[in-house]
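# Below are the sequence and a predicted model for it; my questions follow.
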Amino acid sequence: MSFGLCNAPATFERLIETELLGLSSEACLVYLDDIIIVGRTFEEHLNNFREVFQRLKKNKLYLSPKKCRFFQKEVACLGHVISAEGVKTDPEKNKAVVDWPRSDTVNDLRSFFGLCTYYRHFVKSFTTIVRPLHKLTEAKSNFSWTDECEKSFNSLKQALTSPILTCSRIGKDFILDTDTSNEGIGAVLSQNIGNEERVIAYFSKSLGKPERNYCVTRKELLAIVKSIEHFHHYLYGQKFLLRTDHASLRWLLNFKKPEGQIAR
């Protein structure tokens, strides 16, 4: 394929996905010209190698041996490191976060946000932590760095340095914990693996001005709805346990004719 064509990446991705149809997600993961072949055991890993290589050979698609890595215990992909333990942030990206100097301008702070936001699913209550910093980027802000901003800046760095999220397990029920505050909503998606609950991902979202005026019950409902929407690709068609600390929501189970916003 020629280089420089604007639609070349999408076309190549489509080609590889088509040729490896049926193997994606179970035997391998594809992103453009990268193919990550997985396996729960050594034997399964070898079988998946054979399946992928046979498909590529059949369609006359060739690999460069110099660019191949075999039998790796962990691989780096799109700023993440994936291993049997789970998924963690790339150490090089972590170093960039830790070494980032205190921002003196809005543009510098937005650049820092851009790096951190990519990993927000690793951080519990991300929007709550960054709230003081986010206010500095608002149009009417005079960019006054306070002790609260310094605390938020350091807390965000700390939260991103050593998190490990587990990969979801097929056949195990999900657990979704939701919570809300005056400033935002959040959720934790997890599964019981072994004898403990392992976190798969975090979700958080700031509340807009109209949403901050909701009563507590409506805020808790909003947290549930937005969390389920966010984790739709995990939860769709799956049985899961929903946990909330707002006991008043139980009355909805017996509410026969909900109206207005609650009905929606």
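Thanks, I have it.
# From here on, just use CA atoms for contacts and neighbour counts.
Fine.
# buried set for stretch 138-150?
For stretch 138-150, a neighbour-count test (16 or more other Cα atoms under 10 Å) marks Cys149 as buried.
# can you list the residues that contact that stretch?
Thr105, Val106, Pro132, Leu133, Lys135, Leu136, Thr137 (Cα atoms under 8 Å, 6 or more residues apart in numbering).
# Can you give me the end-to-end span of that stretch?
Start-to-end span of stretch 138-150 (Cα to Cα, to the nearest Å) is 17 Å.
# How about stretch 71-88?
End-to-end distance for stretch 71-88: 19 Å, by Cα to Cα.
# if we can go back for a sec, quick one: which of the contacts of stretch 138-150 is the most crowded by neighbours?
Leu133 (23 neighbours; other Cα atoms under 10 Å).
# and that residue, helix, strand or coil?
At Leu133 the chain is in helix, as set by DSSP: H, G, I helix; E, B strand; the rest coil.
# Next, find the distance separating it from Asp179.
Applying Cα to Cα to Leu133 and Asp179 gives a distance of 22 Å.
# wait, which of the contacts of stretch 138-150 is closest to Thr161?
Nearest to Thr161 out of the contacts of stretch 138-150 is Leu133 (Cα to Cα; 18.6 Å).
# Okay, helices next: where are they in the stretch 151-264 of the chain?
Ranges of helices in the stretch 151-264 of the chain, per DSSP state H, counting those that start in this stretch, are 209-212, 216-230, 232-235, 260-263.
# right, so of those, which gets closest to Phe174?
Closest to Phe174 of the helices of the stretch 151-264 of the chain is helix 232-235 (Cα to Cα; 7.5 Å).
# gap between the closest one and the chain center?
The chain centre lies 12 Å from the centre of helix 232-235; the measure is Cα atoms, centre = their mean, to the nearest Å.
# which of the residues in it are buried?
Neighbour-count burial for helix 232-235 [16+ other Cα under 10 Å]: Leu235.
# Contacts for it, please.
For helix 232-235, contacts defined as Cα under 8 Å, 6+ apart pick out Phe174, Ile228.
# Format the CA atom coordinates belonging to it as CSV.
Taking Å, rounded to 0.1, in the frame of the first residue of the first chain, the C-alpha atoms of helix 232-235 are listed here in CSV:
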residue,chain,number,x,y,z
HIS,A,232,-21.9,-0.3,27.9
HIS,A,233,-19.3,-2.4,26.0
TYR,A,234,-18.7,-4.4,29.2
LEU,A,235,-22.3,-4.7,30.5
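# Not counting sequence-adjacent ones, nearest residue to Asn192?
With Cα to Cα, 6 or more residues apart in numbering as the criterion, Asn192 has its nearest non-adjacent residue at 6.3 Å, and that residue is Arg198.
# where along the stretch 151-264 of the chain do the strands fall?
164-165, 174-180, 184-193, 196-206, 240-244 (DSSP state E, counting those that start in this stretch).
# can you list these in a markdown table and add mean pLDDT, distance to Leu23 and mean neighbour count?
Shown next, in a markdown table, are the strands of the stretch 151-264 of the chain (pLDDT from 0 to 100; distance: least, Cα to Cα, whole Å; neighbours: other Cα atoms under 10 Å):
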| stretch | mean pLDDT | distance to Leu23 | mean neighbour count |
| --- | --- | --- | --- |
| strand 164-165 | 85 | 24 | 19 |
| strand 174-180 | 91 | 24 | 22 |
| strand 184-193 | 90 | 25 | 22 |
| strand 196-206 | 90 | 23 | 20 |
| strand 240-244 | 89 | 26 | 15 |
